[in-house]
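Asks: no sequence for this one, just the structure:
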């Protein structure tokens, strides 16, 4: 399309459509199903923040560049959690894209095209509106690895309710797109082959909304977000530094059932 401007980063790419005043941010780590990483967290936060003063962009779409995955979780390979300082630094970095999405004074549309586990589910939760392919699946698998889905158990309670958060966090059960809609994660489920058409139409429509009214509405809806993310930053360092997390990661690499000891 002649009116499209594309910028490629290491873990994502950004397409801007100035004539219609929207942008599409596509997560692109196809070899690991778009799993989150420190680089992805930083690039996504930077991309989202860059739209704040760009009047050519009044709505943003976030989607996945893999036919099977939106984002299949967080990639902790190569990360070390040998000190509370390192753990806190990682949590702050991981929270950066969530806060960028919620602070941006423009509508961010999550277009979930496939697997959305862990980070994938939670980053969709941060979006203002969510459209899901009928092939999408959602789930919080953190407890399988000795971890805690910090964003959902703090921020998610206000957004979808305590009982629903509890079910997802404790069971690690996957939700179909329709079940996620019933849980309140998703606004609309569409046929997989129609997802691009649907999010394009919605982004174009949102870009025509009054900018000040959008910003004021979003600020009001997301006022509690800062406190929720600070709760996560206080909670997670001790979890990351535990022996259970070390065991969970080792068991995952060795493809065996972890033996957690509560230490």
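Replies: All right, it came through fine. Since the model is a prediction, treat every value here as computed from it, not as a measurement.

Asks: Which helix or strand in this protein has the lowest average pLDDT?
Replies: Lowest on mean pLDDT, DSSP states H and E among the helices and strands of the chain sits helix 225-240, with a mean of 77.

Asks: Could you pull out the buried residues of it?
Replies: 225, 228, 229, 232, 233, 236, 237, 239, 240 (16 or more other C-beta atoms under 10 Å). Every residue, glycine included, has its C-beta placed from N, CA and C.

Asks: right, and the first one touches residue 102 too?
Replies: Just to be clear, that refers to residue 225. Yes. In this structure, residue 225 is within contact of residue 102 by C-beta atoms under 8 Å, at 4.6 Å.

Asks: Could you give the secondary structure assignment for the residue positioned nearest the centre of the chain?
Replies: In the chain, the centroid-proximal residue (C-alpha atoms, centre = their mean) is residue 123; its distance is 1.4 Å. Here residue 123 is helix, with the state taken from DSSP: H, G, I helix; E, B strand; the rest coil.

Asks: quick one: the strands in this structure?
Replies: 5-8, 12-17, 22-27, 59-64, 69-71, 107-112, 115-117, 129-133, 137-139, 175-176, 188-190 (DSSP state E).

Asks: Poorly predicted segments of the chain, please.
Replies: 1-2, 76-83 (pLDDT under 70).

Asks: cutoff 90 now
Replies: 1-3, 65-67, 73-94, 142-160, 185, 223-263 (pLDDT under 90).

Asks: Just give me the longest helix of it.
Replies: helix 84-103 (DSSP state H).

Asks: can you list contacts of that one?
Replies: Helix 84-103 is touched from outside by 36, 38, 41-42, 44-45, 48-49, 62, 74, 79-81, 108, 119, 122-123, 126-128, 150-151, 155, 218, 222, 225-226, 229, 232-233, 236-238, 240-241, with contacts defined as C-beta atoms under 8 Å, 6 or more residues apart in numbering.

Asks: Any of those residues buried? List them.
Replies: Buried by 16+ other C-beta under 10 Å: 36, 38, 41-42, 44-45, 48-49, 62, 74, 81, 108, 119, 122-123, 126-128, 150-151, 155, 218, 222, 225, 229, 232-233, 236-237, 240-241, out of the contacts of helix 84-103.

Asks: just to revisit the earlier point, would you tell me which one of the strands of the chain is buried the most?
Replies: strand 69-71 (a mean of 29; mean count of other C-beta atoms under 10 Å).

Asks: Off-centre distance for that one?
Replies: Distance of strand 69-71 from the chain centroid (C-alpha atoms, centre = their mean, to the nearest Å) equals 10 Å.

Asks: try stretch 99-109
Replies: Distance, centroid of stretch 99-109 to centroid of chain: 12 Å (C-alpha atoms, centre = their mean).

Asks: what about that stretch, start to end distance?
Replies: End-to-end distance for stretch 99-109: 15 Å, by C-alpha to C-alpha, to the nearest Å.

Asks: residues of it that come out buried?
Replies: 99, 100, 101, 102, 103, 104, 106, 107, 108, 109.

Asks: follow-up on the earlier one: in the longest helix of the chain, what's buried?
Replies: Those would be 87-88, 90-91, 94-103, for helix 84-103 by 16+ other C-beta under 10 Å.

Asks: need these in JSON lines with distance to residue 245, can you?
Replies: Listed next are those as JSON lines, based on distance: C-beta to C-beta, whole Å:
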{"residue": "87", "distance to residue 245": "10"}
{"residue": "88", "distance to residue 245": "15"}
{"residue": "90", "distance to residue 245": "12"}
{"residue": "91", "distance to residue 245": "13"}
{"residue": "94", "distance to residue 245": "14"}
{"residue": "95", "distance to residue 245": "18"}
{"residue": "96", "distance to residue 245": "21"}
{"residue": "97", "distance to residue 245": "22"}
{"residue": "98", "distance to residue 245": "21"}
{"residue": "99", "distance to residue 245": "24"}
{"residue": "100", "distance to residue 245": "26"}
{"residue": "101", "distance to residue 245": "26"}
{"residue": "102", "distance to residue 245": "27"}
{"residue": "103", "distance to residue 245": "29"}
